[in-house]
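> Quick check, what structure comes out for this input:
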Amino acid sequence: MRYRSPSYRRASGSSVLMGDRLYWLQWLLIGGVLIVVGRLFFLQVMQGASYKLLASNQHELRKILVPERGKILVRDRADGTLHPLATNRDSWQLYVEPRNMSKPGEVAQVVAPFTKETEEVLVERWKANPQDPYEPIAKGLETPVINELLSKNLKGIGAAKTWARSYPEANIGGQMIGFVRMDDTSGIGEGVYGLEGSFNDVLAGRSGFISAQKDAGGRRLMLDGGKMRYAVNGSDIVLTIDRTIQHEVCARVKNAVETYQAMSGTVVVMQPDTGAIIAMCSWPDFDPVSYGETKDISVFNNPATYGSYEPGSVFKAITMAIGIDAGKVGPNTTYTDPGVEKIDTFEIKNSDEQAHGVQTMRQVLEKSLNTGTIFVERLLGREAFQSGVEAFGFGKKTGIELSPESVGNISSLKKKADVYGATASFGQGITVTPIQLASSFAALANGGRLLRPYIVDEIVYPDGQRKRTEPVEMSRPISARTSELMKGMLVSVVERGHGATAGVPGYFVAGKTGTAQVASSRGGGYLEGAIVSTFAGFAPAEHPAFVMVVKMDRPKVGKWAEVNASPLFKELSSFMLSYLEIPMERDVAAPTEIQSVPDLPVEAAAGAPDVVSIDTGTSVKPEDAVQNGNPSEENPVSIDASSTAPTQSSP
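Predicted coordinates:
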């Protein structure tokens, strides 16, 4: 056995220990290298885009984090091409950097025209704070202006590229389009009013974000847990609006307001079989480009959807349709017109203050007799009449995508006094909107279907996917038979009644006039001499291509709707029938005779009430009635009362 000294044993143990240490040190070094390599891979590959973004300039950051707003487009019928009503353009923000200026005086001379300050004031402020790194000067500048400024090569002047909303088509309906209010801090616009406001979430897209900190030197650092999300651009919306018709409507409603010296005018054109809006325009309007210059902000609201008013005799068509559909009357049902109705303490007269004797329901609409629709409302009863009015969509929103939208007011129908139902039957004491009227007349024209009006045909998403809007039937307030009967009766209004000035040679036009008094905003009664004129109708009557509502608010020229609203309806109808290439239905030179009015087929009319004579309770004899009293129009109704009439029913 060999002897080993203690010193040898100690040396051997030390070698083993040293080997273990080297072994573990080696693996520690390898582990450290792997950690470093992994971290570098994570930073350069996994988060390379983030760090590249952090190192980028403000313009690059903006491009990645701020979404591009979607466009609002309309289609040209001639070739199907899309044209922008709202799009984006390059815009620049001009700024100065006082700490980098070498010639403050020259810089002030260049930028002073873009401020409200003098060159001296600017220089004095910059010298007082020479280390100021940034001071905005002007925004919304166009590229040529910025190029000229930067070409001077002055230190301390800079420009940041942003975007601004552009509206290429002038005078095409600012209230329908709305506008975008820019946020200078975020650079993201907010849609306000019209389509810009109603579809802001769709058009605006989604902003990106980056989570980072800065070091002592001001450099951005992506620390553990830092996150980044790229912006998602907004979607485009394609409207149902016909570009050519919209231009024509906007131009002619403006001209009509000026010609008839009206406070305002509104036109809505709708496709009766789908509910698609073909045109919508009012005057006065505003320019979305310079919305900040608008003095009266109420003009931002769209009168077609927001402006509720008492419609007057145009509503008689609705009352008559409800009565026919309930089986209470037919086109040839008769009553004896006394010329005046005494209800409670009120006397309600026809507009001509005449008694017409025995009259049919067709004649009630032709001559626009107030006593005739009171007669129909009585036969229906208040509950059935109210249900019929509600079924036509009055008293609630239509559901069109534009906001704000008014529901109107038909609450007077819930009141017990008989006078409320009587006045509502001819459109006084209740309020409606032009879009509600258009929808209800579309139901008269399309077989009885109340459709939800819509103005956006499709949404085009950034990835190219499309979402089409489909027609939605809200209810069926009347039957197809009633619709056909009403078509014939409304054609009679244009052929033989007060709607004659709405007629278009060569076509059968259906419609109804309405001239209503304007309720006082001071809590009772009506404004002296103030009226609202309306014509609602469709053409061609048999197979309507469009439904249109024309409203003129407080015209000074012409006392009746047939003098101002109906002629505008005729102008626009003539244009659209030609533009849409709809063949004429009859000889232009054909005389207007009773035989020329399309009659309802015998089988469709079979269920209508027989011709009956129903007296309203007065003793006026047919031979004593004025048969040829056919003045200018129907409403305003004339009321004589021993006491003040209720606020919502005093015509």
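
> What distance do you get for the closest residue to residue 539 other than its chain neighbours to residue 358?
Of all residues not flanking residue 539 in the chain, residue 509 sits nearest, at 4.5 Å (Cβ to Cβ, 6 or more residues apart in numbering). To be clear about C-beta, it is placed using only N, CA and C from the backbone, and glycine gets the same treatment. Distance, residue 509 to residue 358, using Cβ to Cβ, to the nearest Å: 28 Å.

> ok, those two, which is more surrounded?
Set residue 509 next to residue 358 and count neighbours by other Cβ atoms under 10 Å: residue 509 wins out with 26 against 18.

> Now do the phi/psi pair for the residue nearest to the spatial centre of the chain.
With distances taken as Cα atoms, centre = their mean, residue 402 lies nearest the centre of the chain, 3.8 Å away. With angles defined as degrees, to the nearest 10, residue 402 shows backbone torsions of phi -90, psi 140.

> For stretch 106-123, buried residues please.
For stretch 106-123, burial by neighbour count (16 or more other Cβ atoms under 10 Å) applies to 106-108, 110-112, 119, 122-123.

> er, stretch 174-194 I mean
Of the residues in stretch 174-194, those buried under the neighbour-count criterion (16+ other Cβ under 10 Å) are 174-180, 182, 187-189, 191, 193-194.

> Endpoint to endpoint, that stretch covers what distance?
End-to-end span of stretch 174-194 (Cα to Cα, to the nearest Å): 8 Å.

> So what touches that stretch?
With Cβ atoms under 8 Å, 6 or more residues apart in numbering as the test, stretch 174-194 has contacts from 62, 66-67, 69, 72, 85-86, 136, 139, 162-165, 167, 195-200, 203-204, 207, 241, 280-282, 285-288, 291, 299-304, 402, 455.

> Which among the residues you listed count as buried?
Among the contacts of stretch 174-194, those classed as buried by neighbour count (16+ other Cβ under 10 Å) are 62, 66-67, 69, 72, 85-86, 139, 162-165, 167, 195-200, 203-204, 241, 280-282, 285-286, 288, 291, 299-304, 402, 455.

> from the buried residues of stretch 106-123, which ones fall inside helices?
Counting by DSSP state H, the part of the buried residues of stretch 106-123 found in helices is 106-108, 110-111, 119, 122-123.

> about what we covered before: tabulate the buried residues of stretch 106-123 (JSON lines), appending pLDDT and distance to residue 78.
Conversion of the buried residues of stretch 106-123 to JSON lines gives the following (pLDDT from 0 to 100; distance: Cβ to Cβ, whole Å):
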{"residue": "106", "pLDDT": "88", "distance to residue 78": "54"}
{"residue": "107", "pLDDT": "88", "distance to residue 78": "52"}
{"residue": "108", "pLDDT": "87", "distance to residue 78": "53"}
{"residue": "110", "pLDDT": "88", "distance to residue 78": "48"}
{"residue": "111", "pLDDT": "87", "distance to residue 78": "47"}
{"residue": "112", "pLDDT": "87", "distance to residue 78": "49"}
{"residue": "119", "pLDDT": "84", "distance to residue 78": "54"}
{"residue": "122", "pLDDT": "88", "distance to residue 78": "53"}
{"residue": "123", "pLDDT": "87", "distance to residue 78": "58"}
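
> Check these against residue 90 and report the nearest one.
Distance to residue 90 across the buried residues of stretch 106-123 (Cβ to Cβ) is lowest for residue 111, with 19.9 Å.

> Quick one: mean pLDDT for the helix or strand harbouring residue 197?
Residue 197 is located in helix 194-198, with elements delineated by DSSP states H and E. Mean pLDDT, helix 194-198: 96.

> Burial check on the closest residue to residue 355 other than its chain neighbours, number of neighbours?
Distance criterion Cβ to Cβ, 6+ apart; nearest residue to residue 355, sequence neighbours excluded, is residue 339 at 3.0 Å. With neighbours defined by other Cβ under 10 Å, the count for residue 339 comes to 20.

> same thing with the one 4 residues further on?
Look at residue 343: counted by other Cβ under 10 Å, it has 19 neighbours.

> now do the one 10 residues further on
Neighbour count for residue 353, taken as other Cβ under 10 Å: 12.

> Which helix or which strand is home to it?
No secondary structure element spans residue 353, as it lies outside all helices and strands (assigned by DSSP H and E).

> For residue 514, see how far away it is.
19 Å.

> Over to residue 158?
Here the criterion is Cβ to Cβ. By it, residue 158 lies 61 Å from residue 514.

> The two: who's more crowded?
Neighbours per residue (other Cβ under 10 Å) separate residue 158 from residue 514, with residue 514 holding more: 31 against 17.
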